[in-house]
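Colleague: Test case, fold it:
(chains A and B)
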Amino acid sequence: MRGGRRARAMVALGGLVFAMAAAGCGGGGGVPAGWVRASWGDPQNPLEPANTNEVQGGKVLDMIFRGLKRYDPRTGAAVNMLAERIGTRDSQNFTITVKSGWTFSNGEKVTAKSFVDAWNYGALLDNKQKNASFFEYIDGYEKVHPAAGAASARTLAGLVVKDERTFTVRLRTKFSTWPDTLGYTAYAPLPRAFFDDHRAWLKKPVGNGPYTIDSYTRGSAMRLSRWDGYRGPDRAANKGVELRVYTDNNTAYTDLQAGNLDLVDDIPSTQLKNVTKDLDGRYINQPAGIIQTLDFPMYRAEWNRPGMEKVRKGLSMAINREQITTQIYRRTRTPATDWTSPVLGEKGGYRAGLCQDACTYDPGRARRLIEEGGGLPGGRVTISSNVDNGSHRLWMDAVCNSINNALGNDRSCTVNPIGTFADFRNQLSDERLDDMFRSGWQMDYPLIQNFLQPLYYTDASSNYGKFSDPAFDRLIDAANSRTSTAGAIAEFQEAETVLARQMPAIPLWYQNGSAGYSEKLSGVMLNPFSVPVYERITVK
Amino acid sequence: MGRFVARRLLQMIPVFIGTTLLIFLMVYSLPGDPVKALFGSKAADPATVARLRHEYGLDKPLLQQYWDYITGLFQGDFGQSFTGRPVADLMAEAFPVTIRLALFAFAIEVVFGIGLGVLTGLRRGKFLDQAVLIFTLIVVSIPVFVLGNMAQFLIGVKWKLVTPTVQDSTDLSQLILPAVVLALLSLAYVTRLTRTTVAENLRADYIRTAVAKGLPRRRVVGVHLMRNSLIPVVTFLGTDLGMLMGGAIITEGIFNVPGVGNTLYHAVITSEGPTVVGVVTVLVLVYLVSSLVVDLLYAVLDPRIRYA
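Modeller: Reported below is the predicted structural model:
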């Protein structure tokens, strides 16, 4: 019968649904008591220390690795972790002694060789590591990582293992604060297992940090339990952390409110209005090592001729930072008054107000300065940025409005939105942008050097505006060859005043990191990179 | 019948090659260099970029890249994403999730959509008909992100009846909410469509004949009425299944479902050519097969339709 056939089809469909239900039972939801459930995203790459340059993978590396130094979550100061001593006489040749007693979670000892092998691996061109440039200061880098062609050496000439716990480093040039860069995860030590069975290691990375990886299901969650054999000073205060994958921070925030999640480390901007009330004060909003600037294309003659610094300063003074950070960002950004970040602290080189008048809103003076400097090139200016993520479109409109109001002309500033980050990137590196463009800098390590040298030194790697000033370069070189940190910082700040005079980039605001957490947690804090300090979290 | 199927399967080949070529060309003509974008806001090291581009074959001419891709595809190799993972792996993770969600939503749509449609078609103008009309109008007019977020907030956060997001996509009880949200819009269409055809066919001569023959009402409705009324509904359901398989970017986003929609969205944003082309290729196949199945179902429903 025909009806019978249809009935069978319905039964089959129903059966399929039930079979799926049966197969799907079990698994699911909860974590054991004493565990933290935190929001996360899938890392871009397999987790290799020298190949991870984004924050999600960085979170995990920060939990399973400890390097020579570690940045104090509160002050940002680099303190010795595995390093017993890092000595130098000339700021170019360093002798590093590794503490004894440290092991990887598979039992292997952490020795000088663990570091040297890891760094050689990270620097070698054949391994295609995205953080390879962190090793460029070490002597011999141009041989293992030439700008073109094949590598002519497999190891860095500047790295020599002296004995089990000692190795020496020779840098290409003097770099007084170099030891303080060693807290970055790219410098983590690696066990032999990484080199002997690379595939297996990538599946289940083995490190020397307070946590070990239990399991990872892509698209869903990674579980890290406390490593009970960890002998370092910062043992985990909780039993483990489940990092849950969220593709949208709004969803994570909803789960936090519903009690399905304990920690969200990025509060969606649409929720900022209610967050203190929603979470009853369990909300953190503190500076992160990120500064947003508007850079000028100094490779264009019309922006680079003498007198234009007045126009550049004038534009800076036409931007009402206070209003934009309050109204658009609800104080999750702070108006910038220098070119570094408050996370450095006064001792680390941050100096509020270094920019002085040039970063203070003053529409009248702004207009006069721009006129004195000969006016905007072509009578108008555009601001370019990718608009595919973040709130870029919003603040760009606000900045343009502010400039237009100050100049009393509705058409003097317009926004040039670029569809994707990749496209924006290309236009930047091809020097195709003729006007101001957005530049956001997230520090690699909390050092004033990192906010200045890669961005404004002649031909530096991220100097997209091609700013070049001999006085600035001289001061940076001098700071790097200083033997005392305090002396170096004074000189870096001196270099920063060159930026204040020339204004190759308008400091806009310092970006904050934010987090919200459930009633179950205490001791939640963010480090200077605005990543939660997981090992200090205690669970009720 | 066999010849018809064979002809349709052969027609799929040019359609398949045409669509993959188009998508390939479109993705690769997107502005910007996806390899450089992997370096984030940091300057990309040119030597490493050159190595990576060579590894992914991006330094070859575009048509040769397509040829390499297609020949790889026929050997079952979907290529590698720019982050070093085989695209086949990415799809093996995303598709089961979406298939579960899609079938769940589809089942809801079929059972409730056709059920409500037949009921209201039989009781035209009565209270139930009016109530369902209002319900379907509301569902059709509310955008899915409003519906999704509202359902999530009320049912998941306020009343705590289900978890607001999907923590484990193999647990069907967690998929209920997203599946219902996903199904609602099509459910409304299916209901309206079924109601109209049922009401129309109810006045047809052959139904009057069947009733006059003294057939029991169950048989009149279940066999004579339904089979004729279902043809437009099956057409709609066939294309809808293809659409559900493509993943629902908005619903998947709201409920944190790691399915095809999410994967595709992120791949497009980051200009991940191999992933976009791979996923869309599979989707094209799903569409082609589901439309073939719909055509075959016509013959089952209406014996007058014959394929030779």
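Colleague: hey, let's count contacts and neighbours off CA atoms from now on
Modeller: Fine.
Colleague: Pop out the phi and psi values for the closest residue to chain B within the stretch 351-500 of chain A.
Modeller: Nearest residue of the stretch 351-500 of chain A to chain B (CA to the nearest CA) works out as residue A:423 at 3.7 Å. Main-chain dihedrals, residue A:423, degrees, to the nearest 10: phi -70, psi -40.
Colleague: Give the burial count for it, as a bare number.
Modeller: 20 (other CA atoms under 10 Å in any protein chain shown).
Colleague: what's near enough to touch residue 120?
Modeller: Just going to use chain A. A:154-156 (CA atoms under 8 Å, 6 or more residues apart in numbering or on different chains).
Colleague: nope, chain B please
Modeller: Shown in contact with residue B:120 (CA under 8 Å, 6+ apart): B:128-129, B:132, B:195.
Colleague: Can you spell out which helices and strands pack onto the helix or strand where residue A:254 lies?
Modeller: Residue A:254 belongs to helix A:249-257 when assigned by DSSP states H and E. Applying 3 or more CA pairs under 8 Å, 6 or more residues apart in numbering or on different chains; DSSP states H and E, we find helix A:249-257 packed against strand A:263-264, helix B:249-254.
Colleague: ok, the last one near chain A or not?
Modeller: Yes - Helix B:249-254 lies in contact with chain A when judged by CA under 8 Å from any CA of the partner chain; the contacting residues are B:253-254.
Colleague: Tell me which residues are up against that helix.
Modeller: A:247-248, A:250-251, B:144-145, B:148-149, B:165, B:178, B:181-182, B:258-259, B:261-262, B:265.
Colleague: Swap in 7 Å and give it another go.
Modeller: Applying CA atoms under 7 Å, 6 or more residues apart in numbering or on different chains, the contact partners of helix B:249-254 are A:247-248, A:251, B:145, B:148-149, B:178, B:182, B:258-259, B:261-262.
Colleague: before we move on, what about the shortest one?
Modeller: Applying CA under 7 Å, 6+ apart, the external contacts of strand A:263-264 come out as A:37-39, A:252-253, A:256, A:515-518.
Colleague: and if we set it to 8 Å?
Modeller: With contacts defined as CA under 8 Å, 6+ apart, strand A:263-264 is touched by A:36-39, A:252-253, A:256, A:515-518.
Colleague: between the residues you listed, which has the most around it?
Modeller: Counting neighbours by other CA under 10 Å, residue A:252 leads those with 31 neighbours.
Colleague: Distance of that one relative to residue A:82?
Modeller: Residue A:252 sits 35 Å away from residue A:82 when distances are taken as CA to CA, to the nearest Å.
Colleague: Then residue A:53?
Modeller: From residue A:53 over to residue A:82 (counting by CA to CA), the distance is 22 Å.
Colleague: who's more crowded, these two?
Modeller: residue A:53 (25 against 22).
Colleague: I figured that one hits residue A:132, correct?
Modeller: No - counting by CA atoms under 8 Å, residue A:53 sits too far from residue A:132 to count as a contact (10.5 Å).
Colleague: which neighbours do these two share?
Modeller: Counting by CA under 8 Å, 6+ apart, nothing touches both residue A:53 and residue A:132.
Colleague: what sits against residue B:35?
Modeller: Residue B:35 makes contact with B:49, B:52-53, B:82, according to CA under 8 Å, 6+ apart.
Colleague: mind checking the SS state of the residue lying closest to the residue of the stretch 351-500 of chain A closest to chain B once chain neighbours are set aside?
Modeller: Among residues not flanking residue A:423 along the chain, residue B:32 sits closest, at 3.7 Å (CA to CA, 6 or more residues apart in numbering or on different chains). Following DSSP: H, G, I helix; E, B strand; the rest coil, residue B:32 is assigned to coil.
Colleague: Now for residue B:32, how many residues are close by?
Modeller: Neighbour tally, residue B:32, other CA under 10 Å: 20.
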